[in-house]
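**Q** missing the sequence, but the structure's below:
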């Protein structure tokens, strides 16, 4: 398993980060396939044996059960792993705390207990909280780093201006700065390239894409003029929702992935992942699996390299429309557009 530097940390992490939201899953997260503790143990052990050292979880995943399952699965091998967990800006009856100092500190303590560890490698803000001043949140995060409970901090689902605001506040106050940014990013969802990816590249923040197969749309299971397979998470093409996608564009992308897959004797999924890991700013792909076999298949996606010509064709067929002012320059590569 190849590794990459995690932003400006000096840490090297595997190109695949194992997402475990479906470990011992409840509620919403059962849609990704429920995994009991025994299977979770097998998946984590296989990942570690194959060189995966990066794991992603959050306090809200399966009501905290995913953190408990990951902690048990790592067990005595905790020192081999770099673990991300996230604090959510909860706004519910009886727990309307947002990213307040109270919630940040208590959320960290709760995650430490559930994970069965005395430190968190990477503690991320799951979403931006518009009701809590970012200065309050970042000060609390910096205190956690100084106390040794957290080693690095990051963010998830932030807009470009939110990321830059946070970095500016940290720099002005001498506080710990964001090291990572998690976001939805794939061949079928490239809006991140307008502002977020260029900001991350400029500031040395590692981009960690989640849903790199766009909720399964880039696996090759969904075909033009063919009935969609039963038992998948999508019964029909949704114009909006967790995985918005334009049908014609999706099928064009899959057609191109078919050609790449055939040329290299790999699967459509492996071709899609191989493309994304080559994108500027990307450090590691967050992938969830249901079985050890799925994990092995995903790992093989990173053991080869598509050609520059194949990458360029996929880049072209999946390119998002550029609204002004992005139509006059390339926001990622800073090249003239027209």
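**A** Sure, I can see it. Predicted model, so just to flag it, every value in this text is computed and none were measured.

**Q** my read: residue 257 touches residue 218, true?
**A** Yes. Counting by Cβ atoms under 8 Å, residue 218 is a contact partner of residue 257 at 6.9 Å. For glycine as for every other residue, the C-beta is placed from the backbone atoms N, C-alpha and C.

**Q** Identify the contacts common to the two.
**A** 187, 268, 272 (Cβ atoms under 8 Å, 6 or more residues apart in numbering).

**Q** Out of the residues you listed, which is nearest to residue 324?
**A** Closest approach between the shared contacts of residue 257 and residue 218 and residue 324, by Cβ to Cβ: residue 187, at 24.1 Å.

**Q** Can you check the pLDDT for the closest one?
**A** The score at residue 187 is 97. That number is its pLDDT.

**Q** Can you tell me, leaving aside adjacent residues, what's nearest to it?
**A** Closest residue to residue 187 apart from its sequence neighbours, by Cβ to Cβ, 6 or more residues apart in numbering: residue 318 at 4.5 Å.

**Q** Share the number of residues neighbouring that neighbour, please.
**A** By the criterion of other Cβ atoms under 10 Å, residue 318 has 21 neighbours.

**Q** Tell me the spacing between residue 7 and residue 202.
**A** Counting by Cβ to Cβ, to the nearest Å, the gap from residue 7 to residue 202 is 12 Å.

**Q** Repeat that for residue 270.
**A** Taking Cβ to Cβ, one finds residue 270 at 31 Å from residue 202.

**Q** more crowded one of the two?
**A** The residue with more neighbours, out of residue 270 and residue 202, is residue 270; 24 against 12, by other Cβ under 10 Å.

**Q** Tell me where the chain has helices.
**A** Ranges of helices in the chain, per DSSP state H, are 37-49, 65-74, 101-115, 134-146, 160-173, 196-203, 247-264, 268-277, 292-300, 308-317.

**Q** Please produce CSV containing those helices, extended by mean pLDDT.
**A** Shown next, in CSV, are the helices of the chain (pLDDT from 0 to 100):
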stretch, mean pLDDT
helix 37-49, 97
helix 65-74, 97
helix 101-115, 96
helix 134-146, 98
helix 160-173, 98
helix 196-203, 97
helix 247-264, 95
helix 268-277, 97
helix 292-300, 94
helix 308-317, 97
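
**Q** need the contact list for the residue nearest the centre of the chain.
**A** By Cα atoms, centre = their mean, the mean C-alpha position of the chain lies nearest to residue 210, the distance being 3.0 Å. Residues in contact with residue 210 (Cβ under 8 Å, 6+ apart) are 19, 56, 182, 183, 184, 185, 286.

**Q** ok, those vs residue 99, which is closest?
**A** Of the contacts of residue 210, the one sitting nearest to residue 99 (Cβ to Cβ) turns out to be residue 182, at 15.6 Å.

**Q** Report the beta-bridge partner residues of that closest one.
**A** residue 156, residue 208 (DSSP bridges).

**Q** so it makes contact with residue 127?
**A** No. In this structure residue 182 lies outside contact range of residue 127 using Cβ under 8 Å: 10.4 Å.

**Q** Once you drop chain neighbours, what's closest to residue 191?
**A** Closest to residue 191 by Cβ to Cβ, 6+ apart is residue 320, at 5.9 Å.

**Q** And the pLDDT for the one you found?
**A** Residue 320 is given a pLDDT of 90.

**Q** For it, give me its contacts.
**A** Residues in contact with residue 320 (Cβ under 8 Å, 6+ apart) are 190, 191, 193, 194.

**Q** just residue 264 next, same as before
**A** Contacts for residue 264 (Cβ under 8 Å, 6+ apart) come out as 271, 304, 306.

**Q** Among the residues you listed, which one has the most neighbours?
**A** Ranked by neighbour count (other Cβ under 10 Å), the contacts of residue 264 have residue 271 at the top, with 27 neighbours.

**Q** rewinding a little: and residue 182 and residue 127? Which one has more around it.
**A** Neighbour totals were compared for residue 182 and residue 127, and residue 182 leads with 26 against 17 (other Cβ under 10 Å).

**Q** Look up how far residue 2 lies from that one.
**A** From residue 182 over to residue 2 (counting by Cβ to Cβ), the distance is 20 Å.

**Q** Go ahead and confirm residue 48 touches residue 81.
**A** Yes. Using Cβ under 8 Å, residue 48 is in contact with residue 81, at 7.1 Å.
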